[in-house]
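Chemist: Have a look at this fold, sequence not included:
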């Protein structure tokens, strides 16, 4: 079979290996696809990572099968290529059979994948430096040119794999050091308890295969609420292993916030160095306790839904998870940047729901609300979810976080009923506000409103307890 090769604009043959590309594709088909393709996605391999066009098409077929949850083997890949109109262009079933005979087992898959990735990076560098060489002869602003070279090389290097799923222990150590420098569970649920009694009574906890959406306008406390739920899951007699995808905040920042919330530590006093000695001492004690909880943080800032699912799947295989939290949905990227954002959000939403079902764990995903509720001065509703159609359809539970109903008009101020609430650290009432957690959708249960109290000083939600009706 005659196989055309790409060009990188040089008379010399660019870096590539026919043998490694063939071995990688053969390993994927021999293994069956689910684990092998996940590893390829972790390495940020795409069809463009292959130099031979026929291999690009074959890998595209493998990815399509993986996304559909279908097995990846000689038969399914052949049928997928036929449906793509590309089977004859890659050499037909004859060439696929040749590929499958290249290796006897998929044992070397990780090595083949890393080799293909390294050669892709090398080709990208060749392309860039060939272009840069011509530009260097005509350069006028040396500083600008050097900055461009550094930026481009950094960008190419970013395409290589980074291990971003890390044990929480290291993040807690860093957070404790930074913070020090700067100055009982009732069995009423059969799922993962949220830590808020009224919510748990409505939901009986969060259950496997459920997609739970927590949505709010910016700065309403979505991340704080998610961390409070994670804390409730982790600090019980039998901790729930939790994976937290933080696309906006670093693991160290999350650790600081969790320590502050657990210890009722005023974050403003902490940052300005005005903590009492007793509060400073408690930081280390809380951090030491948190170091041993089964929490993993992925702080990747630019994840696709396929990469997220792959990371969760691999960690779950090593350490069975009981809860996954994604902060937040709109920061995830679709697999095809050419389609509309609504289509990307639909793909992301379906992917999150599929992940919840596949791993059989509850997945909490944070989401943004649009501005309509503010313009119309009302409580949020399902239609206020950004790109709401697919999210609303896929979610099993939708929780909308908002100001308390009687505080939706005018400036935000604490309700009179809050006078009955005694803040654990005697925070001024101006730092304590009511929030309504509206259970707007529950596929298998009732809906309702759960009143909460938000302690701004240490970014913590607690159940609202009052005999008065608001």
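Modeler: Looks like it arrived, so ask away. As the structure is a prediction and not an experimental result, all values here were calculated from the model.

Chemist: Mind telling me which residue is nearest the centre of this protein?
Modeler: residue 245 (3.7 Å; Cα atoms, centre = their mean).

Chemist: show me the contacts for it.
Modeler: For residue 245, the contact set (Cβ atoms under 8 Å, 6 or more residues apart in numbering) comprises 298, 300, 303, 308, 311, 324-327. Where C-beta positions appear, they are placed from N, C-alpha and C, glycine not excepted.

Chemist: need those residues in a markdown table with distance to residue 450, can you?
Modeler: As requested, the contacts of residue 245 are exported to a markdown table (distance: Cβ to Cβ, whole Å):
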| residue | distance to residue 450 |
| --- | --- |
| 298 | 29 |
| 300 | 32 |
| 303 | 30 |
| 308 | 28 |
| 311 | 31 |
| 324 | 22 |
| 325 | 19 |
| 326 | 21 |
| 327 | 20 |
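
Chemist: Just give the number of residues close to residue 138.
Modeler: Using other Cβ atoms under 10 Å, residue 138 has 7 neighbouring residues.

Chemist: Distance check, it against residue 131.
Modeler: Here the criterion is Cβ to Cβ, to the nearest Å. By it, residue 138 lies 12 Å from residue 131.

Chemist: Give the residue spans of the stretch 301-450 of the chain that score low on pLDDT.
Modeler: Filtered on pLDDT under 70, the stretch 301-450 of the chain yields the residue ranges 386-388, 405-430.

Chemist: As a check, name the ranges of all helices in it.
Modeler: 305-318, 341-359, 372-375, 388-394 (DSSP state H, counting those that start in this stretch).

Chemist: could you redo those helices as TSV and give each row mean neighbour count and distance to residue 216?
Modeler: Listed next are the helices of the stretch 301-450 of the chain as TSV, based on neighbours: other Cβ atoms under 10 Å; distance: least, Cβ to Cβ, whole Å:
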stretch	mean neighbour count	distance to residue 216
helix 305-318	20	21
helix 341-359	20	17
helix 372-375	13	10
helix 388-394	18	14
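
Chemist: Export these as JSON lines, with columns for distance to residue 50.
Modeler: Formatted as JSON lines, the helices of the stretch 301-450 of the chain follow (distance: least, Cβ to Cβ, whole Å):
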{"stretch": "helix 305-318", "distance to residue 50": "17"}
{"stretch": "helix 341-359", "distance to residue 50": "23"}
{"stretch": "helix 372-375", "distance to residue 50": "46"}
{"stretch": "helix 388-394", "distance to residue 50": "32"}
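
Chemist: closest to residue 448 out of those helices?
Modeler: helix 388-394 (17.8 Å; Cβ to Cβ).

Chemist: secondary structure element for residue 120?
Modeler: helix 109-137 (DSSP states H and E).

Chemist: Following the record's annotation, map out the domains of the chain.
Modeler: For the chain, the structural domains run 18-158, 165-463, going by automatic domain parsing.

Chemist: thought residue 61 was touching residue 77?
Modeler: Yes - assessed by Cβ atoms under 8 Å, residue 61 is found in contact with residue 77 at 5.1 Å.

Chemist: Need the phi and psi values for residue 362.
Modeler: phi -70, psi 140 (degrees, to the nearest 10).

Chemist: Isn't it up against residue 324?
Modeler: Yes - using Cβ under 8 Å, residue 362 is in contact with residue 324, at 7.4 Å.

Chemist: ranking the contacts of residue 245 by neighbours, who comes first?
Modeler: Among the contacts of residue 245, residue 326 has the most neighbours (other Cβ under 10 Å), with 28 neighbours.

Chemist: I figured it hits residue 367, correct?
Modeler: No - look at residue 326 against residue 367 with Cβ under 8 Å: they stay out of range, at 9.3 Å.

Chemist: contacting residues around the residue lying closest to residue 384 once chain neighbours are set aside?
Modeler: Spatial nearest neighbour of residue 384, chain neighbours left out: residue 369 (4.6 Å); criterion: Cβ to Cβ, 6 or more residues apart in numbering. Contacts for residue 369 (Cβ under 8 Å, 6+ apart) come out as 215-217, 380, 384-386, 400.

Chemist: Export those to TSV and append columns for neighbour count.
Modeler: Below are the contacts of residue 369 laid out as TSV (neighbours: other Cβ atoms under 10 Å):
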residue	neighbour count
215	30
216	25
217	18
380	25
384	23
385	25
386	16
400	26
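
Chemist: Tell me which two in those are the farthest apart.
Modeler: Maximum distance among those (Cβ to Cβ): 12.4 Å, for 386 and 400.

Chemist: Any regions of the stretch 151-300 of the chain where pLDDT drops low?
Modeler: For the stretch 151-300 of the chain, the ranges with pLDDT under 70 are 151-166, 178-188, 268, 271-276, 278.

Chemist: in it, which spans are helices?
Modeler: For the stretch 151-300 of the chain, helices defined by DSSP H, counting those that start in this stretch occupy the ranges 168-181, 197-203, 222-234, 251-262, 267-272, 277-290.

Chemist: what's the closest of those to residue 433?
Modeler: helix 222-234 (12.1 Å).

Chemist: who touches residue 24 in this structure?
Modeler: If a contact means Cβ under 8 Å, 6+ apart, then residue 24 has 40, 109, 112-113, 115-116 as its contacts.

Chemist: what do you get if the cut-off is 10 Å, keeping everything else the same?
Modeler: For residue 24, the contact set (Cβ atoms under 10 Å, 6 or more residues apart in numbering) comprises 17, 36, 40, 45, 49-50, 55, 59, 62, 99, 102-103, 106, 108-117.

Chemist: Sheet-wise, list the partners of the longest strand belonging to the chain with their directions.
Modeler: When the chain is parsed with DSSP state E, its longest strand is strand 432-442. Sheet pairing for strand 432-442, assigned by DSSP bridges, gives strand 397-403 (antiparallel), strand 448-455 (antiparallel).

Chemist: So which bits of whichever helix or strand comes after the longest one are buried?
Modeler: Following strand 448-455 in sequence order, the next helix or strand is strand 460-463 (DSSP H and E). Of the residues in strand 460-463, those with enough neighbours to count as buried (16 or more other Cβ atoms under 10 Å) are 460-462.

Chemist: what's the most buried one of the strands paired with strand 432-442?
Modeler: strand 397-403 (a mean of 24; mean count of other Cβ atoms under 10 Å).

Chemist: hang on, residue 285 packs against residue 263?
Modeler: Yes - counting by Cβ atoms under 10 Å, residue 285 touches residue 263, with 8.3 Å between them.

Chemist: For residue 287, which non-adjacent residue is spatially closest?
Modeler: Closest residue to residue 287 apart from its sequence neighbours, by Cβ to Cβ, 6+ apart: residue 176 at 3.6 Å.

Chemist: Report the contact partners of the one you found.
Modeler: Taking Cβ under 10 Å, 6+ apart, we find residue 176 in contact with 255-256, 259, 283-288, 290-291.

Chemist: which one of those is nearest residue 231?
Modeler: Proximity of those to residue 231 was ranked by Cβ to Cβ; the top entry is residue 290 with 9.0 Å.
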